[in-house]
Structures are given as structure tokens and as C-alpha cells.
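K.L.:
Need a 3D model of the sequence below.
(one chain, ligands or ions: 1)
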Amino acid sequence: MRVLHVAAEVFPLVKTGGLADVVAALPVALAHAGADVRLVLPGMPQMLDAVLHAKPVIDLGACFGAARVRLLRGRMPGTQLPVYLVDAPLLYRRGGGPYQSADGAEWPDNLQRYGLLGWVAAQLGAGELDAGWRPDIVHAHDWHAALSCAYLRAHASDAVRSVYTVHNLAYQGLFPHEDSALLGLSSNFMSADGLEYHGQLSFMKAGLKFADRITTVSPTYAREIATHEFGCGLDGVIRGRGNVVSGILNGIDPEVWDPAADTAVAQRYSLDQPEGKAVCKAALQKEFGLPVDASAPLLIAISRLSSQKGLDLILSALPQWVEQGAQLVVQGAGDAALEAAFRMAAAAHPAHVAVHIGYDENRAHRLMAGGDMIVVPSRFEPCGLTQLYGLRYGTLPIVRRVGGLADTVVDAHTATLADGTATGFAFDHASAFDLGAAVLRAIAAWRDKAGWRTMMARAMAEDFSWQGPAMQYLKLYEEARHGD
Ligand code: ADP
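P.N.:
Okay, the predicted model is just below:
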């Protein structure tokens with residue numbers, strides 16, 4: 001099975017969220033399971049710098065507004081995987097992020113940037129760019145890669161099938177309809193039955209309409225996005241594709257996230273040798289200027305600061321936890337008002353709340369190892385990775401019961417405590433009241449040291465590796481190849 005993954009991000013080269021972690025780990029897991037896997041990525045400076053032995057495959061001349069486009073092929077660092085880079089200096093070689101400039105404005109030419117990525121992926125899929133290799137499956141990730149599904153459909157080739165994975169339905173890639181000619185697709189692709197979305201063009205819709213199979217990153221999110229509440233205006237389109245939509249839970253990279261081998265933490269620990277966790281907790285309290293106190297329950301949150309993540313609920317519920325003697329360490333970046341509010345909370349409760357505004361991988365590991373509990377109160381959550389890291393680090397998750405959070409955390413209540421399946425705490429409504437109640441439950445459970453150890457042991461022993469998900473994707477690829 002030959003599979004081409006198409007994406008805008010890959011860890012550690014370019015990352016704005018969980019998508020990058022998935023694009024780094026899933027292809028490797030598929031290759032371990034016997035698939036012949038390659039990636040195609042936009043030639044951003046970090047990609048061009050890091051990819052090994054990149055050599056030109058073909059010169060594509062001028063397209064999508066770029067004076068010169070070349071396809072390069074090299075190897076992903078740290079793996080054996082071949083990777084194609086779309087080298088279009090005018091479109092991709094610039095500072096800032098993959099979707100926005102350093103000051104947070106969307107790149108004005110994102111339509112061309114990600115139209116080109118999708119077109120190149122489809123051309124590779126159609127066997128037109130690299131005579132030596134042609135995929136059976138083009139697997140596109142999120143709106144940035146979704147146009148590949150439309151271009152493949154335009155090609156009408158039976159030799160290749162497309163799979164489109166929605167990592168987050170809320171980011172859709174909307175552009176002015178007037179710009180549709182820049183994409184070079186015929187006008188029927190631009191109708192309401194195609195990319196048209198309330199007078200605009202939606203890249204997300206290209207994936208949802210034209211992929212042979214659609215997946216999301218958890219079974220619960222797959223059901224949720226077909227509803228008005230979570231469908232972001234596309235639930236009707238998704239219901240229309242009902243029989244080809246499914247959910248496959250993300251895994252995590254057990255080598256990157258392993259408390260027994262983590263080089264970023266104060267002391268490594270494991271299920272059998274858990275003592276290091278207390279050392280990590282003390283080190284984290286010290287690093288963040290909080291009282292070093294083993295008897296204070298230490299909550300952490302590592303997150304983009306956006307309304308999706310529900311961190312405003314933490315701010316509302318906070319005074320109650322402070323009364324309980326709890327401590328909170330937050331690391332995040334994003335919404336300026338939330339950043340300011342967390343800074344103010346830290347200033348108001350210096351013995352209880354500490355905040356690092358910014359993105360920092362190593363520090364995220366230290367938070368994960370040092371915390372007692374991780375709070376993930378998302379309004380919606382396609383899969384969520386931080387609760388999985390929390391489980392693996394024995395930092396028990398407190399989550400809202402949505403999307404992948406509902407699929408991965410078993411709420412502690414009488415029955416699950418009795419049968420030993422409990423791994424965390426879940427609540428239903430996105431309200432400070434419900435979150436506060438769940439945190440108070442967690443603090444009470446944490447004070448029962450023996451019970452807590454049992455839950456930690458259960459959580460740390462769970463298998464969230466990519467092996468299982470990779471087998472599910474391979475099965476799906478087979479279905480896509482042999483289905484209609
Ligand atoms: P999303 O992709 O919606 O942001 P996920 O939970 O799927 O949410 O993935 C978030 C990823 O980004 C995780 O790997 C998490 O550790 C990481 N992350 C988020 N914010 C930060 C931060 N401020 N510093 C370091 N890592 C972060």
C-alpha cells in the first residue's frame with residue numbers, strides 16, 4: 001500500500017498544534033506496519049533547512065502566482081521516510097507562521113499557497129510528477145491539504161483514492177469567491193455542490209465533498225460534527241457523506257512522551273519507580289516561584305489560549321480552588337485578552353497561580369511531569385493530545401466530556417473506581433460551576449493517596465501508541481481502494 005500524506009505542518013519542523021504531532025507520527029507508524037509512505041509539504045524555510053538530501057525532482061515553472069515552482073525530494077530527519085517539498089520561494093520562503101505573519105494577520109495569498117500544495121499532491125497522486133513512485137492513497141490533513149481531493153476528482157483517475165482527515169472543523173480556509181479562477185478548477189467545482197460556502201470558497205468543503213473517505217480524530221467528534229452544535233455550518237454536508245465518515249483516535253509518540261526516558265524533566269519516573277514524580281513537582285513549583293509544598297494539589301494546563309479550549313472557565317472557577325490550597329501552573333499563548341487575564345490571576349494569587357505565556361516544548365514536558373492533574377475544559381475537542389500525555393505521565397486529566405476527551409478519559413465514580421477503570425474526571429457543561437465541581441472531586445480523590453495511586457497506575461499503563469490507529473487507517477485505505 002503506497003500512501004502520500006499531505007499537510008502544512010510536521011513536528012518538529014513547523015507546529016501550531018496537534019496536527020503537526022499526528023503528521024510526524026502516523027506516517028512512521030504506517031511504515032512500521034508495512035506501508036510505503038511519503039509526505040508532501042510546503043517548502044517553508046524550516047522544512048527546507050531540515051529535510052535531508054533534498055534533490056530536485058521536476059521543475060514546474062510558473063504556477064499559482066509563483067514565478068518558479070520546483071518539486072524536491074529528500075528524507076524526513078529522524079526517519080527513513082521520503083518527503084517531497086514544494087519549493088515556491090515567492091509563496092513559502094518567508095518568516096512568520098504557516099498561516100499567519102508574525103503579527104497574527106492571515107497571509108493574504110493563502111489561497112495560492114494551499115491551492116498549490118493540494119494541486120502538487122494531486123499531480124503526484126495522478127503519477128504525473130515522479131515517474132518512480134505513485135501512491136494508491138492520497139491522505140490529506142485539514143483544510144490546508146483539502147484541495148488535493150478536488151484536483152484528484154477533476155482528474156477522475158481510478159488508480160488513486162483520497163482520504164481526508166478533519167483535525168479541527170472550526171478552521172475552514174475561507175476565501176473570496178472572486179478568486180476561484182486562481183485555482184484552475186472548472187466552474188462546477190465552485191458551485192454549492194462544490195467549494196461554495198455562503199458566497200465564499202471553503203477549502204474544508206473540498207475535502208468533505210470530494211474525498212473518497214473522511215475521518216476525524218476521535219469517534220465521538222465524528223458523531224458530533226454531524227450535528228448543528230458542533231458542525232460549524234458544515235453538518236449538513238457531513239450528514240450527506242454519512243456512510244464514509246468515521247473517527248480514528250490519535251495516538252501519541254511514546255518515545256517523545258515517556259516519563260521514564262524524558263530528558264527535559266527533573267527526574268525520570270515510571271509506574272514501577274514513581275518517586276521521581278514528587279521531585280518533578282517540587283522542581284516545577286520552584287521553577288514557577290510557587291511555594292514548594294507536596295501537600296498542595298498542583299493543577300496544570302498547556303494549551304492554545306482560544307475560546308475553544310475553555311480556559312476562561314478556569315479563570316472563573318479559580319478562586320474556589322485557591323481556597324482549597326490548590327496551585328495552578330498554566331502555559332499557553334494566543335488570545336491577547338486571555339493572556340492578560342492569566343497574568344492578572346497570577347499577580348492576584350502569587351502563592352497559588354503561575355503562568356508562562358509562550359510556546360515551549362521542554363517546559364511543557366516539565367509541567368506534564370510535575371503536575372498532579374491536567375485541566376482540559378474544552379468547548380469542543382476533536383481529539384486532544386494533552387490529556388493523553390497527562391495519562392501517560394500519571395497527571396490525571398480533568399476534562400469536559402466532548403470529542404476525544406470523552407473517548408479517552410474514564411470518569412472516576414463509584415462503579416469505575418470499584419472496577420479499577422477510572423483514569424480521570426469528566427464534566428458535562430462548559431460552565432465554571434461544572435468545571436469547579438469536577439476539580440473539587442479530583443482534589444478530594446487526590447487526598448486519598450492509595451486510591452490516587454491506583455488511578456495513576458491504570459492511566460500510566462494505557463496504550464495510546466500509534467500502532468492501533470495505524471492498523472485502523474490501513475483498513476480504511478483498503479476499503480477506499482476497493483469501495484466505490
Ligand atoms: P490543538 O491542536 O487544538 O492545539 P491538541 O491538544 O490536539 O490541541 O494539541 C496541542 C499540542 O500543542 C500538544 O502537543 C501540546 O502539548 C502543544 N502545546 C499547546 N500549547 C503549548 C505551549 N504553550 N507550549 C508548548 N506546547 C504547547
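
K.L.:
any idea how the protein splits into domains?
P.N.:
Under automatic domain parsing, the residue ranges defining each domain of the chain are 2-251+467-482, 276-461.

K.L.:
Out of those domains, which gets nearest to D258?
P.N.:
Evaluated with C-beta to C-beta, the domains of the chain place domain 276-461 nearest to D258, the distance being 7.2 Å. For the C-beta atoms, the positions are set from N, CA and C on the backbone; glycine is no exception.

K.L.:
contacting residues around the residue of the stretch 151-300 of the chain found nearest the ligand?
P.N.:
Relative to the ligand, the nearest point of the stretch 151-300 of the chain is N168 (6.0 Å; C-beta to the nearest ligand atom). For N168, the contact set (C-beta atoms under 8 Å, 6 or more residues apart in numbering) comprises G17, L19, D142, P382.

K.L.:
Tell me who's in contact with G61.
P.N.:
Taking C-beta under 8 Å, 6+ apart as the contact definition, G61 lies against R68, V69.

K.L.:
can you list the domains of the chain in a markdown table and add distance to V265 and mean pLDDT?
P.N.:
Written out in a markdown table, the entries for those read as follows (distance: least, C-beta to C-beta, whole Å; pLDDT from 0 to 100):
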| stretch | distance to V265 | mean pLDDT |
| --- | --- | --- |
| domain 2-251+467-482 | 18 | 97 |
| domain 276-461 | 4 | 97 |
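
K.L.:
of the ones you listed, which approaches D262 most closely?
P.N.:
Each of the domains of the chain has some distance to D262 by C-beta to C-beta; the shortest is domain 276-461, at 5.6 Å.

K.L.:
For that closest one, what is the distance to the chain centroid?
P.N.:
A distance of 19 Å separates the centroid of the chain from that of domain 276-461, by C-alpha atoms, centre = their mean, to the nearest Å.

K.L.:
so which of the contacts of N168 also contact the ligand?
P.N.:
Judged by C-beta under 6 Å from any ligand atom, the overlap between these and the neighbourhood of the ligand comprises G17.

K.L.:
Which one of the contacts of N168 sits in the busiest neighbourhood?
P.N.:
When neighbours are counted by other C-beta atoms under 10 Å, P382 leads these with 29 neighbours.

K.L.:
Sticking with the residue of the stretch 151-300 of the chain closest to the ligand, tell me its helix or strand.
P.N.:
Element membership of N168, judged by DSSP states H and E, is empty: it is in no helix or strand.

K.L.:
Is V57 in contact with L72, as I believe?
P.N.:
Yes - under the criterion of C-beta atoms under 8 Å, V57 lies in contact with L72, with a separation of 6.4 Å.

K.L.:
burial measure for R458, as a count.
P.N.:
Neighbours of R458 under the rule other C-beta under 10 Å: 20.

K.L.:
Mind listing what's buried along the helix or strand hosting it?
P.N.:
Remark: R458 resides in helix 449-461, with elements defined by DSSP H and E. With burial defined by 16 or more other C-beta atoms under 10 Å, the residues of helix 449-461 counted as buried are W452, M455, M456, R458, A459, M460.

K.L.:
Got the phi and psi for the closest residue in space to the second one that isn't next to it in sequence?
P.N.:
If I follow you right, that is M455. Excluding the flanking residues, the one nearest M455 by C-beta to C-beta, 6 or more residues apart in numbering is A422, at 5.4 Å. Here the main-chain torsion angles of A422 (degrees, to the nearest 10) amount to phi -60, psi 140.

K.L.:
you'd agree A422 is up against P397?
P.N.:
No - contact criterion C-beta under 8 Å: A422 and P397 do not qualify, at 11.2 Å.

K.L.:
and the stretch 201-350 of the chain, which of its residues are near the ligand?
P.N.:
Along the stretch 201-350 of the chain, the residues adjacent to the ligand under the rule C-beta under 6 Å from any ligand atom are I302, S303, R304, Q331, G332, A333.

K.L.:
Can you pick out the ones from those that are in strands?
P.N.:
Counting by DSSP state E, these place I302, S303, R304, Q331, G332, A333 in strands.
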